[in-house]
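J.: structure for this input, please:
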Amino acid sequence: MSKQPSFSQSLSLFIGMFLLLFVAMFVMKSEPHIPLLAGTAIVATCLHLFGFSWNELEEAILKGIRTAIMPIIILGLIGVLIAVWMMSGTVPTILYVGLEYINPNYFALSALFITIIVSMFTGSSFTTVSTVGVALMGMALAMGIHPFLAAGAIVCGACFGDKMSPLSDTTNFAPAVAGVQLFTHIQNLLYTTIPALTLTIVFFIFVPQISGTSMSSIVEMKQSLQASFNIHWLTIASPAVVLYCSIRRKPIIPTLAIGIVSGLLVALFVQGETSVSTWFQVMQNGYKGEVASDLVASIVHRGGLQSMLSSISLILIALALGGLLQHCGVIRALFDRIVQPLRNPSHIVLATGTSSIAVNALTGEQYLSILLPGQMFKDEYTRRNIPLRTLSRTLEDCGTLMNPLIPWGVSGAFFAATLGVPVIDYIPYATFLWLSPLITFLYAYVPKLKRLSLGDGQI
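T.: Below is the predicted model:
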């Protein structure tokens, strides 16, 4: 589209959307779906008044929604996979073993390091959360761990690999956009990763863990699991296959399909579930087996394609709004006015990070939050002699890690649906995610930290 709204028009749209979402979610305690839908309608109306035809607006919306197709397919398959793993006894077996060996007093640390290991090998927070993350949430409920704390620890560890693993899409994407070598990018990330992870570990050491579940309750849960499922090592075969495929960088959709098929085979041969009709019912609506313990039932009665529809609809609305803001030039108009007056290199880094966060908030899309600021600021970094590795690090910290903290973000919506904890509730405990951008900004403004990070006086 050749036309572009003015800076004042774009700014008014941005402020209006922010106020609408803030009041609806934090004051009225509303779910984000309807406020986002209302905001999309308001933005489309305003852009029409600014001179855009309906065909242009429709094209922008469709472009935004097209980027949602792959996340929607993945979310649907993960919902089916979780239900199958409940039926096959995979999650109950992991839950049983976890109750046996994980100390409740150190649950958050255990969850953090387990998910870090898995995410580093797979390079995917989605795979990590949908496999060990689901089982760890079950353990947390069984042990009486606060679910907000458990979700925060799981999200921190899962996103660690998204940021640091050479197998991660975003870890490769950010340096590619900035024009930096992959391992130069990873090495430079250590300057924010090490202090953020250290503070996160300290936080999880001292934060209260248990809300009062007795050992007798844990024993009762284990007995209920044994009575309801055949606890067997073969039930781990399906997640092992998924993790193997992820490590080998196989495409995500065939990987999830293999996980579903292998899980059904485990349900057939290990749990003795022979009814194909039951399989279809479970994959559609989630597992609803007979379980004596109400708490165990609340853990294993989950999953199914239908369980992901709320997240899917939220992503569709968010990316439709993002398509309007991106393809009608609203984001470009804001960037052009904000970047040009900046002179201080530290301000450039701050503007890069805040722009990446803003794109996340406006579009809900992780890759756009890396791509758009990266394209718009790269020439400025080169012109001002700011190392491009600083650009790639800022994009990673403020793009990759902030998306799970936005309720309508693709990652945030998925994590909330999979773990059963709203984004707003786990934010205070997802310390690694919001500490990393803060430390990035500290490196930009504190002289001693600049030298520590770069070995010279520049950012």
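
J.: doesn't Asn172 make contact with Met164?
T.: No: the criterion here is Cβ atoms under 8 Å, and Met164 misses it with Asn172 at 11.8 Å. The C-beta positions use only the backbone N, C-alpha and C, and glycine is treated the same way.

J.: phi, psi for Ile145 please.
T.: Main-chain torsions, Ile145, degrees, to the nearest 10: phi -80, psi 140.

J.: Gln271 too?
T.: According to degrees, to the nearest 10, Gln271 has phi -90, psi -10.

J.: read off the pLDDT value for Lys448.
T.: On pLDDT, Lys448 comes in at 62.

J.: where do the strands sit along the stretch 151-300 of the chain?
T.: With DSSP state E, counting those that start in this stretch, there are no strands along the stretch 151-300 of the chain.

J.: leaving out the residues flanking it, which one is nearest to Val359?
T.: Excluding its sequence neighbours, the residue lying closest to Val359 (Cβ to Cβ, 6 or more residues apart in numbering) is Ser369, at 4.2 Å.

J.: correction: Ser124
T.: Ser124's closest residue in space is Ser246 (Cβ to Cβ, 6+ apart), at 5.9 Å.

J.: quick check: the one you found touching Phe126?
T.: No: taking contacts as Cβ under 8 Å, Ser246 lies outside contact range of Phe126: 9.6 Å.

J.: give me the common contacts of the two.
T.: Ile252 (Cβ atoms under 8 Å, 6 or more residues apart in numbering).

J.: which one of Met164 and Asn172 is surrounded by more residues?
T.: Comparing Met164 with Asn172 by other Cβ atoms under 10 Å, the one with more neighbours is Met164, at 21 against 16.

J.: give me the pLDDT for the residue nearest to Val359.
T.: 87.

J.: which helix or strand contains it?
T.: Under the criterion of DSSP states H and E, Ser369 resides in helix 366-383.

J.: that helix - contacts with which helices or strands?
T.: With contacts taken as 3 or more Cβ pairs under 8 Å, 6 or more residues apart in numbering; DSSP states H and E, helix 366-383 sits against helix 169-178, helix 309-327, helix 330-339, helix 345-363, helix 388-395.

J.: now those in TSV, with distance to Leu99 and mean pLDDT?
T.: Putting the helices and strands packed on helix 366-383 into TSV (distance: least, Cβ to Cβ, whole Å; pLDDT from 0 to 100) gives the following:
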stretch	distance to Leu99	mean pLDDT
helix 169-178	34	85
helix 309-327	29	85
helix 330-339	48	79
helix 345-363	37	87
helix 388-395	40	92
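
J.: state the distance from Ala108 to Leu49.
T.: Separation of Ala108 from Leu49 (Cβ to Cβ, to the nearest Å) stands at 50 Å.

J.: what about Gln226, how many neighbours?
T.: Neighbours around Gln226, by other Cβ under 10 Å: 12.

J.: also Tyr443?
T.: Around Tyr443 there are 24 residues (other Cβ under 10 Å).

J.: what comes up buried for the helix or strand harbouring it?
T.: If you go by DSSP H and E, Tyr443 is part of helix 431-445. For helix 431-445, burial by neighbour count (16 or more other Cβ atoms under 10 Å) applies to 431-433, 435-437, 439-441, 443-444.

J.: and the most far-flung residue of the chain relative to its centre, what helix or strand is that in?
T.: Note on the chain: the largest C-alpha distance from the chain mean falls to Gly51, namely 36.1 Å (Cα atoms, centre = their mean). Using DSSP H and E, Gly51 is not contained in any helix or strand.

J.: centroid-nearest residue for the protein?
T.: For the chain, by Cα atoms, centre = their mean, the most central residue is Ser411; offset 2.9 Å.

J.: quick one: contacts of the one helix or strand that one maps to?
T.: Element membership for Ser411 (DSSP H and E) is helix 410-419. Outside helix 410-419, the residues that touch it by Cβ under 8 Å, 6+ apart are 68, 71, 75, 78-79, 82, 125-126, 129-130, 133-134, 137, 147, 150-151, 154-155, 158-159, 307-308, 310-311, 314-315, 318-319, 364-366, 403-407, 421-423, 426.
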